[in-house]
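S.K.: Model the following, please.
(one chain, ligands or ions: 2)
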Amino acid sequence: MTHLLAIETSCDETSAAILTLDPARTTLRSCTILSQDVHQVFGGVVPELASRAHLTTLGAVVDQALAEAGLAMEDVGAIAVTAGPGLVGALLVGVMYGKTLAFARRLPLVGVHHLEGHLFAPTLEHPDFAPPFAALLVSGGHTMLLDVPAWGDYRLLGTTRDDAAGEAFDKVGTLLGLGYPGGPAIERLAATGRPARFKFPRPMLALAETPGPDQFAFSFSGLKTAVLRAVQASDDLERDRADLARAFQDAALDVLVGKAAAAVDQLGYPTLMLGGGVACNRALAEAARTRLAGRARVVVASSRLNTDNAAMIGAAGAFRLRRGDLSGLDLEPRADLILPGLIPVPEPQGIPR
Ligand code: KG4
Ligand code: ZN
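M.R.: Ligands and ions are numbered 1, 2, ... in the order given. Reported below is the predicted structural model:
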């Protein structure tokens, strides 16, 4: 039995978690997440401020994770840390911390890909969740539709041509005067909005059934511009705000669910997993469940494990540790780290098998 310390500092959450690894099981013992609120006044994450905040708080966050697990640093037998992608200065804080600890205590070290962490998040709550599945990873920085035939084996079906899904929520949140991050505020407001007062485009959705390079590709910038035009045309934003939020969310979710469902059908898999910050959106999970009823189950981790956290990094790290995929002390953070085992872009005709 090994206790794994996991660390996540890729963006604006400083997080540490303790997981217990038995030969066959990974159990979450504790997870501490400190969300940096310093960025709210700027309407987005300021990289330099994120690095500084990680630097001043990471030690205390690790101490708290250990205390909540009822353990001391002496009990830790391995270290997993997010190595990318993300803000390089922010990543550097976690990676240096992890490497120093691994060196001083002679512990095995695993550099984890942030998105592999998101993929593993549901395993901590749904022990029966396993490949094969289709995955829709939607966060502030990423929009990816993946075919996951086995852990460590990832086939990219499609990604975004411009803005990430979460970025679109954040930008529309700003347009509607809702502050940062926009996602949760839009979801709350949309729940009170009327569905059909505004009609926004569903970019690239019509291609979901047509094999080709754009079948599973996304684009959100045109949708964002359509919302901007509607906001500019409104003579009473107070009156229209909730209806605009509803129409935007309906359009964005239609595209996400339409493409994900088409992927599930084409792959013939029994499971769709939704991950990343946007997967906290309950309307997204509901729409996916409705669309796939009787065809596939939809697995989503709880919100705490869907936004950035170290528990998911520990879950992916445990997989890598068991496989012997260890990192050396030359581990370096990479802002553009590529998902290990990723088969990149779709072929022009259909899904390559
Ligand atoms: O995964 P995450 O915590 O950080 C990144 O790796 O980017 O995702 C943050 C993103 C933000 O864009 C935020 O607006 C979005 O997730 N988000 C939501 C919701 N909660 C968070 N988007 C839509 N609906 C939500 N309820
Ligand atoms: Zn993330």
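S.K.: give me the residue from the stretch 51-200 of the chain nearest ligand 2.
M.R.: Scanning the stretch 51-200 of the chain for proximity to ligand 2 using CB to the ion identifies residue 139 as nearest, at 4.2 Å. (C-beta placed from N, C-alpha, C; glycine too.)
S.K.: For that residue, list the residues it contacts.
M.R.: When contacts are counted by CB atoms under 8 Å, 6 or more residues apart in numbering, residue 139 touches 118, 164, 165, 166, 276, 277, 278, 308.
S.K.: and the gap between the fifth one and residue 326?
M.R.: The one in question is residue 276. 27 Å (CB to CB, to the nearest Å).
S.K.: try the second one
M.R.: From residue 164 across to residue 326, the span is 31 Å (CB to CB).
S.K.: Looking at the two, which is more packed in?
M.R.: Each of residue 164 and residue 326 has its neighbours counted (other CB atoms under 10 Å); residue 164 has more, 23 against 14.
S.K.: May I ask you to confirm that the more buried one is in contact with residue 138?
M.R.: Yes - applying CB atoms under 8 Å, one finds residue 164 in contact with residue 138, separated by 7.4 Å.
S.K.: Show me what from the protein comes close to ligand 1.
M.R.: Counting by CB under 6 Å from any ligand atom, the residues of the chain close to ligand 1 are 11, 139-141, 166, 169-170, 181-184, 187, 276-278, 280-281, 307-308.
S.K.: Just the ones of those residues in helices?
M.R.: Under the assignment DSSP state H, the residues of the chain next to ligand 1 contribute 166, 169, 170, 182, 183, 184, 187 to helices.
S.K.: In the residues you listed, which residue is surrounded by the most others?
M.R.: Those, ranked by neighbours (other CB under 10 Å): first place residue 169, 30 neighbours.
S.K.: OK, contacts around the closest residue in space to it that isn't next to it in sequence?
M.R.: For residue 169, the nearest residue in space outside its immediate sequence neighbours is residue 183; the separation is 4.1 Å by CB to CB, 6 or more residues apart in numbering. If a contact means CB under 8 Å, 6+ apart, then residue 183 has 166, 169, 170, 173, 277, 278, 280, 281 as its contacts.
S.K.: Save the residues you listed as a markdown table, and put in pLDDT too.
M.R.: Formatted as a markdown table, the contacts of residue 183 follow (pLDDT from 0 to 100):
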| residue | pLDDT |
| --- | --- |
| 166 | 97 |
| 169 | 98 |
| 170 | 95 |
| 173 | 97 |
| 277 | 95 |
| 278 | 98 |
| 280 | 98 |
| 281 | 98 |
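S.K.: Identify, from the residues you listed, the entry nearest to residue 6.
M.R.: residue 277 (18.3 Å; CB to CB).
S.K.: Give me the neighbour count for the closest one.
M.R.: Quick note: residue 277 (other CB under 10 Å) scores 26 neighbours.
S.K.: For it, give me its contacts.
M.R.: Contacts here follow CB under 8 Å, 6+ apart; on that basis residue 277 touches 138, 139, 140, 166, 181, 183, 306, 307, 308.
S.K.: Need the nearest residue in space to the fifth one, chain neighbours excluded.
M.R.: For residue 181, ignoring the flanking residues on the chain, the nearest one in space by CB to CB, 6+ apart is residue 170 at 5.4 Å.
S.K.: What of the last one?
M.R.: Leaving aside its chain neighbours, residue 308 sits nearest to residue 13 (4.2 Å; criterion: CB to CB, 6+ apart).
S.K.: Quick check: the gap between the one you found and residue 213.
M.R.: In this structure, residue 13 and residue 213 are separated by 34 Å, where distance is defined by CB to CB.
S.K.: what does residue 82 give?
M.R.: With the distance defined as CB to CB, residue 82 ends up 31 Å from residue 213.
S.K.: These two: which has the busier surroundings?
M.R.: Taking other CB under 10 Å, residue 82 and residue 213 do not tie; residue 82 has more neighbours (32 against 13).
S.K.: what separates that one from residue 239, distance-wise?
M.R.: For residue 82, the distance to residue 239 under the criterion CB to CB works out to 44 Å.
S.K.: same thing with residue 174?
M.R.: Using CB to CB, one gets 19 Å for the distance from residue 174 to residue 239.
S.K.: ok, now residue 306?
M.R.: Separation of residue 306 from residue 239 (CB to CB) stands at 33 Å.
S.K.: Compare the two and say which is more crowded by neighbours.
M.R.: Between residue 306 and residue 239, residue 306 has the larger neighbour count (other CB under 10 Å), namely 23 against 10.
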